[in-house]
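Colleague: output the structure for:
(chains A and B)
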Protein chains: 2
Amino acid sequence: MSGQNDLDNLIEMMAKLPGLGPRSARRAVLHMIKKRALVLMPLSDALARVAETARECLNCGNVGTTDLCEICQSEKRANGELCIVEDVADLWAMERAGVFKGRYHVLGGTLSALDAVGPEELRIPKLIDRVTSEEISEVILALNATVDGQTTAHYIADQIEHRVKVTSLAQGVPIGGELDYLDDGTIGAALRARKSI
Amino acid sequence: MSGQNDLDNLIEMMAKLPGLGPRSARRAVLHMIKKRALVLMPLSDALARVAETARECLNCGNVGTTDLCEICQSEKRANGELCIVEDVADLWAMERAGVFKGRYHVLGGTLSALDAVGPEELRIPKLIDRVTSEEISEVILALNATVDGQTTAHYIADQIEHRVKVTSLAQGVPIGGELDYLDDGTIGAALRARKSI
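Modeller: Numbers count the residues shown, from 1 in each chain, chains lettered A, B, ... in the order given. Predicted coordinates:
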């Protein structure tokens, strides 16, 4: 009977989303069906709308519904500062912090010899293009503090530091962090980068 | 800009599903957008199909896409045995176990004086109706081993045990369970229900 298949199909697809498994997918689907008007219909509409309109910004790689994303279009953002992030999720994290007022460039990953990801696979040529053509005064590397992230940061710095000032996020003790629970590398970085009060 | 709102809206709705929060909703939505053809479009279609067709079985309360669910329609299920469960999720759990070949009746909750849930709010009148009109030889109470579940089980047994044999799931040590990790109540129940080998 096709009906049961529709349900099983939906549960199977939900179960493949990151952070969900078969059990939570079943729970979510049952919850949706029970609250048909309040949850299922609006969610279905929202998903259909996003499926129709979501696209990558041609300039920075952010996700939006227009060829140029909100941030690239905004008149209020400072033109001079360009923040480089690995992923759209990182861009969102920066935006939630709400302290950066410039524009972004999303690489779409990190360089990786193992996975055969070179500069051409990322949005690095476009970045070099932007640094040349736009009025950029500072490029801020906000890549993850992982080996691949830092390799990528060094590669990008090499490519553009003769044209523009390149900085990276400070490393140190997180706000609210307790020394006892921090790894040795972070403590070492925080000590090396110590400031006079 | 309406585009960003569509995305935020979708994330907000996903975040309200049981088992998901803002962070996992953002991750899931980004994953969907990145895999537009492979994940987003099929999921959107599946959700729209379920939103259109999902309904409660008029007979047993199971979820399906026809007025009578697959199990109620099936010729292969034994007519004589009726398994009473609280919720569709419990019915699915029984079906996954794959040992019960009869039919089901979903109550849609448990009696609860605190939440003002009486027999009329559940599917209990319909159950009594089924016991009278269908050829039922045994009613198996598969309600949760909680206070409300057991109260409901006693109430139902009171109502129908003069017409039909009423049984309930055995209580005892779960398969693979270690005594050291079991609660006292379960060990007590298992001891009282001990069997000769």
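
Colleague: let me know the helix or strand that residue A:167 is in.
Modeller: Using DSSP states H and E, residue A:167 falls within strand A:165-168.

Colleague: buried stuff in that strand?
Modeller: A:166, A:168 (16 or more other Cβ atoms under 10 Å in any protein chain shown). C-beta coordinates here come from the backbone N, C-alpha and C atoms, glycine included.

Colleague: paired strands for that strand, with orientation please.
Modeller: Applying DSSP bridges, strand A:165-168 is found paired with strand A:138-141 (parallel).

Colleague: ok now the strand it pairs with, how far from the chain's centre?
Modeller: Distance of strand A:138-141 from its chain centroid, counting by Cα atoms, centre = their mean, to the nearest Å, is 16 Å.

Colleague: pLDDT (mean, whole number) over the strand holding residue A:167?
Modeller: For strand A:165-168, mean pLDDT is 92.

Colleague: give me the residues contacting that strand.
Modeller: A:137, A:138, A:139, A:140, A:141, A:142, A:143, A:153, A:156, A:157, A:160 (Cβ atoms under 8 Å, 6 or more residues apart in numbering or on different chains).

Colleague: and the closest residue to the second one other than its chain neighbours, how far from residue B:63?
Modeller: When you say that, I think you mean residue A:138. Excluding the flanking residues, the one nearest residue A:138 by Cβ to Cβ, 6 or more residues apart in numbering or on different chains is residue A:165, at 4.7 Å. Going from residue A:165 to residue B:63 by Cβ to Cβ, to the nearest Å gives 60 Å.

Colleague: before we move on, back to that, quick one, which of the contacts of strand A:165-168 are buried?
Modeller: Listed as buried from the contacts of strand A:165-168 are A:139, A:140, A:141, A:142, A:143, A:153, A:156, A:160; burial here means 16+ other Cβ under 10 Å.

Colleague: need these in a markdown table with distance to residue B:17 and pLDDT, can you?
Modeller: Listed next are the buried ones among the contacts of strand A:165-168 as a markdown table, based on distance: Cβ to Cβ, whole Å; pLDDT from 0 to 100:
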| residue | distance to residue B:17 | pLDDT |
| --- | --- | --- |
| A:139 | 39 | 93 |
| A:140 | 35 | 92 |
| A:141 | 36 | 92 |
| A:142 | 30 | 92 |
| A:143 | 32 | 91 |
| A:153 | 36 | 93 |
| A:156 | 38 | 93 |
| A:160 | 43 | 91 |
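
Colleague: dump the residues you listed to a markdown table, plus distance to residue A:23.
Modeller: Formatted as a markdown table, the buried ones among the contacts of strand A:165-168 follow (distance: Cβ to Cβ, whole Å):
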| residue | distance to residue A:23 |
| --- | --- |
| A:139 | 45 |
| A:140 | 42 |
| A:141 | 40 |
| A:142 | 36 |
| A:143 | 35 |
| A:153 | 39 |
| A:156 | 42 |
| A:160 | 48 |
